[in-house]
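Q: need a structure here:
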Amino acid sequence: MRATWGLVAAATLWATPPLTTIEDTLYKADGTPFNGMVFIEWRGFEASDRSNIATHQVSVRIVNGLLRVRLVPTTTATPPTTYRVRYNSEGKVQFEETWAVPPSATPLRIRDVRVAGPSSPAPQQQIIEITDVAGLSAALEQRPVKATRFASSRAVFINAGGELESVAGNVNDCVRVDGTSGPCGTGGGPGASFVDGETPAGLLNGTNAVFTLANAPAPASSLQLYRNGLLLKQDLDYTLQGNLITFSGGAVPQPGDVLTASYRLPAEGSGAHALLSTAHSDTTPAAPQRGDLIVGLGTSPTTWSRLPLGPANRCLISNGQDAVWNACLFTNFPAGSVPFVDEQGNLAQNHARLYWDNRNRRLSIGNNVSMATLLIWDATPSASTTLAVRAGEGQGAAPLASWQNAYGVEVARVDAAGQFSGASFRAATSSSGAAWRDAGSANDPSSPANGDFWYNSGAEARKTVEGGQVHTLPQVLCSSTGTATSQTALVRLGSCTIPASFLKPGDRVEVRFDYAHQGSSTGFQVAVRWGATVLVARTAPAGVAQLTGRADAGVRSSGVQWSTQSWGDTLTFVAGAGVATDALNAPLTVEFLGAMAAAGSETVRLENFTVLRYPAQANP
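A: Numbering: from 1, shown residues only. Below you'll find the model as predicted:
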């Protein structure tokens, strides 16, 4: 100890010894950065500048694989020596290695200092016989010493003053921690033993504050708990209850920390005996059986006793005083959680996706927003929400869903056949979609009822039923205003295109048109065409201001038969009829044409035109 204080004093007076920087990035075998601590230990040596380096160790934290430390070179030390390096992660030493550090002005990597071999050079073998303390001290001055032969019945230890001391005793005597000797088992109790360097069990995650020792220290004050090599103070940094260590708020271990504990164990009588036997003053004698638990029972005094294994599917719980077997209850989930058994068979919860709002009586599935009595919404971006109601085998006439008012009166339902019934149905059409969309059927329903409305896709017609009769509804194919022209050649002033195969035999198409003449000195002409067939062609003198007419086209199995009428305010009435053979399985355009008789500023305008379809319908 005196030599150690001399080293410290010398280090204080002399200049700072030379240092070499070791800097590197460490990874695990799976490619992820290494996180933890590295502990670097060394024996005392003399640096190249004659600085005395005392035996000690340092700890360096490694975060995201980054390691940086400055050390005194050992390859130029007297005698040359090495560093012992231990890597610690997840609460335990993962591996260790030896470093021989050379002088270097630039940072070195670990591969530059890593060597194979022991943490210090093997000393020369020397056996020295020591018969007293003076002889031991003299021998230690003659370093190195491989082994020492002590005189019979002498023990050597370091006393409280840090000095070597020797005591005498019998061959089977024991030396106690206070330096006295005597028969083994006296003083400290028979069978007294110690635990050194134990790592307390517990999660090093920065939030867990409770750790467990393998045994309960006895006495409790014998526990020496180190965190990263720093001795912690009991009842300040932590508290001890039995074998449970509870850290205070500011001393909770962090990921990568290293915890080690040393303590004494309680003394027990010699000889083999059952735990629950009269050999123990703190137990209730009993004969343990398979599955029993050892528990503390009673209050005056509390003794260790056996708790028999409970029945199947029962859980061990606390009743506030003792551990007892009872129904399995779990009360550690967040408020509103709905427990379920996960894919590993464990009781679990997902507060973000399955939530019960007891205050507002709302169940949320797929989220926890609590917006309605039952809200099913999988808010995950890649997921979809589906609600399926499947009839049971004995469904019969029972509805699949029934909506009731506050008095229990049904207001709407979906029956077992999928038919919706309710007081009314309201929908809103938007610019992007119609509120009511009926895909239709090529065949009319076999039993339509009064008020039914449907779409016949084969006839391209909407139908209704009134008073037992099936009726179609007229369809406005086109209805609009046209344009005007002053040209002398016929030009299109308006048109209406009928889709291919839209017209069916038995349909009737009605065409109506109105022209107006702007001016009074030049005549004009108009024409109406059904595809390539001219239905109307009229020439009007300069004094005609309005011209109107209509045409009917009766659809046959091939083409149409048409009839026309046209007249004006001062223009005579003209009628006509004919047949148009234009194909109906291709788009067909109804055109409204116009032209002036002579060039000028006067115009003829298509004021309005309408094309109506009356779908075929038979009602015998």
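Q: Can you tell me the element residue 476 falls in?
A: Using DSSP states H and E, residue 476 maps to strand 475-480.
Q: got the buried residues for that strand?
A: Going by neighbour count (16 or more other Cβ atoms under 10 Å), the buried part of strand 475-480 is 475, 477-478. C-beta here means a position set from N, CA and C on the backbone, and glycine is covered the same way.
Q: So the closest residue to residue 109 other than its chain neighbours, which state does it fall into?
A: Among residues not flanking residue 109 along the chain, residue 24 sits closest, at 4.7 Å (Cβ to Cβ, 6 or more residues apart in numbering). Here residue 24 is recorded as strand under DSSP: H, G, I helix; E, B strand; the rest coil.
Q: Wait, residue 110 touches residue 27, no?
A: No: counting by Cβ atoms under 8 Å, residue 110 stays clear of residue 27, with 11.7 Å between them.
Q: Comparing those two, which shows the higher neighbour count?
A: For residue 110 and residue 27, the more surrounded residue by other Cβ atoms under 10 Å is residue 110, and the numbers stand at 16 against 10.
Q: Skip the chain neighbours and tell me the closest residue to that one.
A: If you skip the residues right next to it in sequence, residue 110 has residue 24 as its closest partner in space, 4.7 Å away by Cβ to Cβ, 6+ apart.
Q: Near the one you found, how many other residues are there?
A: Here the number of neighbours of residue 24 (other Cβ under 10 Å) works out to 17.
Q: in terms of contact, does it touch residue 69 like I think?
A: No: the pair residue 24 and residue 69 fails to qualify as a contact (Cβ under 8 Å) at a distance of 9.7 Å.
Q: circling back: where's the residue nearest to residue 110 relative to residue 613, distance?
A: Residue 24 sits 86 Å away from residue 613, taking Cβ to Cβ, to the nearest Å as the criterion.
Q: give me the element the residue nearest to the spatial centre of the chain is part of.
A: Taking Cα atoms, centre = their mean, the centroid of the chain lies closest to residue 380, which sits 9.2 Å from it. With secondary structure defined by DSSP H and E, residue 380 is part of neither a helix nor a strand.
Q: Can we start the residue count at 33 from this point?
A: Happy to do that; since the first residue is 33 now, the last one works out to residue 412.
Q: got the contact list for it?
A: By Cβ atoms under 8 Å, 6 or more residues apart in numbering, the residues touching residue 412 are residue 398.
Q: which residues touch the residue nearest to residue 286 when sequence neighbours are not counted?
A: Here the nearest residue to residue 286 in space, its sequence neighbours aside, is residue 238; by Cβ to Cβ, 6+ apart that works out to 5.0 Å. Taking Cβ under 8 Å, 6+ apart as the definition of contact, the neighbours of residue 238 are 284-287.
Q: What's the PyMOL syntax to select whichever of those are buried?
A: Here is the PyMOL selection string for the buried members of those, based on 16+ other Cβ under 10 Å:
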select buried, resi 284+285
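Q: so what are the domain limits for this protein?
A: For the chain, the domain assignment from automatic domain parsing gives the residue ranges 34-147, 159-215, 226-296, 384-412, 470-505, 507-646.
Q: so which of those gets nearest residue 446?
A: For residue 446, the closest of those is domain 384-412, at 16.1 Å, according to Cβ to Cβ.
Q: Can you measure across the closest one, start residue to end residue?
A: Distance between the boundary residues of domain 384-412 (Cα to Cα, to the nearest Å) amounts to 11 Å.
Q: Just the buried positions in that domain, please.
A: Neighbour-count burial for domain 384-412, with 16+ other Cβ under 10 Å as criterion, is recorded at 385-389, 394-400, 402, 407.
Q: strand partners of the strand holding residue 508, parallel vs antiparallel please.
A: Paired strands of strand 507-512, with direction, are strand 635-646 (antiparallel) (DSSP bridges).
Q: Now do the strand it pairs with: everything it contacts.
A: In contact with strand 635-646 (Cβ under 8 Å, 6+ apart) are residues 504, 506-518, 525-526, 528, 530, 535, 539-551, 556, 558, 622, 624, 626-628.
Q: rerun that using 6 Å as the cut-off
A: Defining contact as Cβ atoms under 6 Å, 6 or more residues apart in numbering, one finds that strand 635-646 is touched by 506-511, 513-514, 516, 518, 525-526, 528, 540-550, 556, 622, 624, 626.
Q: Give me the buried subset of the residues you listed.
A: Among the contacts of strand 635-646, those that count as buried by neighbour count (16+ other Cβ under 10 Å) are 507, 509-510, 514, 516, 518, 525-526, 528, 540-541, 543, 545-549, 556, 622, 624, 626.
Q: Just those: which are in strands?
A: In this view, the buried ones among the contacts of strand 635-646 that belong to strands under DSSP state E are 507, 509-510, 516, 525-526, 528, 540-541, 543, 545-549, 556, 622, 624, 626.
Q: Then residue 144 would be within a helix, right?
A: Yes: Residue 144: assigned to a helix according to three-state DSSP.
Q: And it, how far from residue 53?
A: Applying Cβ to Cβ, one obtains 11 Å for the distance of residue 144 from residue 53.
Q: average pLDDT across stretch 70-77?
A: pLDDT averaged over stretch 70-77 equals 90, rounded to a whole number.
Q: correction: stretch 294-306
A: Per-region confidence: stretch 294-306 scores 65 on mean pLDDT.
Q: ok, now stretch 101-117?
A: pLDDT averaged over stretch 101-117 equals 90, rounded to a whole number.
Q: could I get the domains of the chain as TSV with distance to residue 367?
A: Compiled in TSV, the domains of the chain are given as follows (distance: least, Cβ to Cβ, whole Å):
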stretch	distance to residue 367
domain 34-147	33
domain 159-215	53
domain 226-296	20
domain 384-412	8
domain 470-505	48
domain 507-646	61
